[in-house]
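Asker: Using only what follows, build the 3D model:
(one chain, ligands or ions: 1)
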Amino acid sequence: MAIKVLISVDMEGIAGIVHPAETNPERYEYERGRRLMTAAANAVVEGVIDAEPTAEVLVADSHGPYRNILPEELDRRARLIRGKPRELGMMAGLQAGAQVAMFVGYHARAGASSAVLAHTMADAILDVRINDRSHGEIGVNTLLAGSYGVPVVLASGDAAACEEFSALVPHAVTVPVKRGLGQHAADSLHPEEAADRLRQAATDAMRRYDDHPPVVASGPLHVEVDVHQPRTVDIAALMPGVVTSGRTIVFDTESMAAAYGMLQLIVMLTQLAP
Ligand SMILES: [Zn+2]
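Answerer: Take a look at the predicted model:
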């Protein structure tokens, strides 16, 4: 049976991108940013299909509104998961039976050093800890995939994002496409050079995806979320099962899918108009 591959594509970690003007739909360089993002996704789709010609490829648009990739410019051999809100957010496609996952255009967690556009799910979230370990989107999404028995076999973004991933999944394929010189500055590969490396890396990752077992968070999950606004804490405290302390929202759950749903809700709370 054909293998099903989920490619989750964010935007901050794409080659050439360093500033919110390139990633925010309201801003003047956004149209360029989304073309660069679509081209990077295409390189990975091509690399996957080079290794596994019959693969079923799902591309999950996973940045901001989840409506960035240009559908008509995406490789026609892939299907596009687009729009929000949606169950499993950036990792939508796991519930459709994906067997292998890849991260493209990813960024490091909030507070990381020399990391381009680093944040964790929303600018107003300062940290997420699961069973006392701090995780950015890379960690949360790797654990979410792991809870479905799915290994993440490739990660691409800036060097800081790749290091964050390697700390969780040693020896998996990474493709650093730029080195952060600050939150809004980087030394970047040319997009076409990045695309060549992504294509080759995706082929390599598919040839040895069995090498990397899924990363599974053990036992019940204790989740703590530090947020910027006291008002977010006040609203979160209205939800059953949530306790709060200072600017930290705390909850316990049995499954990563449930934890991820709560994290998506907290992100939305941070974005409510006061
Ligand atoms: Zn993003």
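Asker: what does the stretch 51-200 of the chain put close to the ion?
Answerer: Residues of the stretch 51-200 of the chain lying close to the ion by C-beta under 5 Å from the ion are His63. In short, each C-beta sits where N, CA and C put it, glycine included.
Asker: mind listing the helices for the stretch 51-200 of the chain?
Answerer: Assigned by DSSP state H, counting those that start in this stretch, the stretch 51-200 of the chain shows helices spanning 137-147, 159-168, 191-207.
Asker: looking at these, which is buried most?
Answerer: helix 137-147 (a mean of 25; mean count of other C-beta atoms under 10 Å).
Asker: Ramachandran coordinates for the residue of the chain found nearest the ion?
Answerer: Proximity of the chain to the ion (C-beta to the ion) peaks at His63, 3.7 Å away. In terms of degrees, to the nearest 10, the main-chain angles of His63 are phi -120, psi 140.
Asker: count of neighbours near it?
Answerer: His63 sits with 25 neighbouring residues when counted by other C-beta atoms under 10 Å.
Asker: isn't it right next to Val104, touching?
Answerer: No: His63 is not in contact with Val104 according to C-beta atoms under 8 Å; the separation is 10.5 Å.
Asker: between those two, what contacts are shared?
Answerer: Taking C-beta atoms under 8 Å, 6 or more residues apart in numbering as the contact rule, His63 and Val104 both touch 9-10.
Asker: Make JSON lines out of the helices of the stretch 51-200 of the chain and add mean pLDDT and distance to Glu52.
Answerer: Below are the helices of the stretch 51-200 of the chain laid out as JSON lines (pLDDT from 0 to 100; distance: least, C-beta to C-beta, whole Å):
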{"stretch": "helix 137-147", "mean pLDDT": "98", "distance to Glu52": "18"}
{"stretch": "helix 159-168", "mean pLDDT": "98", "distance to Glu52": "22"}
{"stretch": "helix 191-207", "mean pLDDT": "98", "distance to Glu52": "5"}
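Asker: Tell me which of those helices sits nearest to Met262.
Answerer: Met262 lies closest to helix 137-147 among the helices of the stretch 51-200 of the chain, at 11.2 Å (C-beta to C-beta).
Asker: Show me which strand runs longest in this structure.
Answerer: For the chain, the strand that runs over the most residues, judged by DSSP state E, is strand 173-182.
Asker: which of the residues in that strand are buried?
Answerer: The neighbour-count check on strand 173-182 (16 or more other C-beta atoms under 10 Å) flags 173-180 as buried.
Asker: Closest to Val45 out of those residues?
Answerer: Using C-beta to C-beta, those come closest to Val45 at Val175, 14.4 Å.
Asker: Bridge partners for the closest one, pull those for me.
Answerer: Ser156 (DSSP bridges).
Asker: Okay, it and Phe103: tell me how far apart.
Answerer: To Phe103, Val175 is 10 Å away according to C-beta to C-beta, to the nearest Å.
Asker: Name the residues contacting each of these two.
Answerer: Residues touching both Val175 and Phe103 comprise 154-156, with contact defined as C-beta under 8 Å, 6+ apart.
Asker: Closest one of those to Thr54?
Answerer: Nearest to Thr54 among these: Leu154, at 19.1 Å, using C-beta to C-beta.
Asker: Could you single out the nearest of the shared contacts of Val175 and Phe103 to Ile138?
Answerer: Lowest distance from Ile138 to the shared contacts of Val175 and Phe103 (C-beta to C-beta) belongs to Ala155, with 6.7 Å.
Asker: thinking the closest one is in contact with Glu137, fair?
Answerer: No: Ala155 is not in contact with Glu137 according to C-beta under 8 Å; the separation is 10.8 Å.
Asker: ok now stretch 45-54, how far from the chain's centre?
Answerer: 21 Å (C-alpha atoms, centre = their mean, to the nearest Å).
Asker: And stretch 209-221, by the same measure?
Answerer: 17 Å.
Asker: Any chance you could list what contacts that stretch?
Answerer: With contact meaning C-beta under 8 Å, 6+ apart, stretch 209-221 is reached by 100, 130-131, 142-143, 145-153, 168-169, 171-172, 252-256, 259.
Asker: Quick check: the gap between Gly93 and Ala217.
Answerer: 20 Å.
Asker: now Gln264
Answerer: Gln264 is 17 Å from Ala217, by C-beta to C-beta.
Asker: No more questions from me, cheers.
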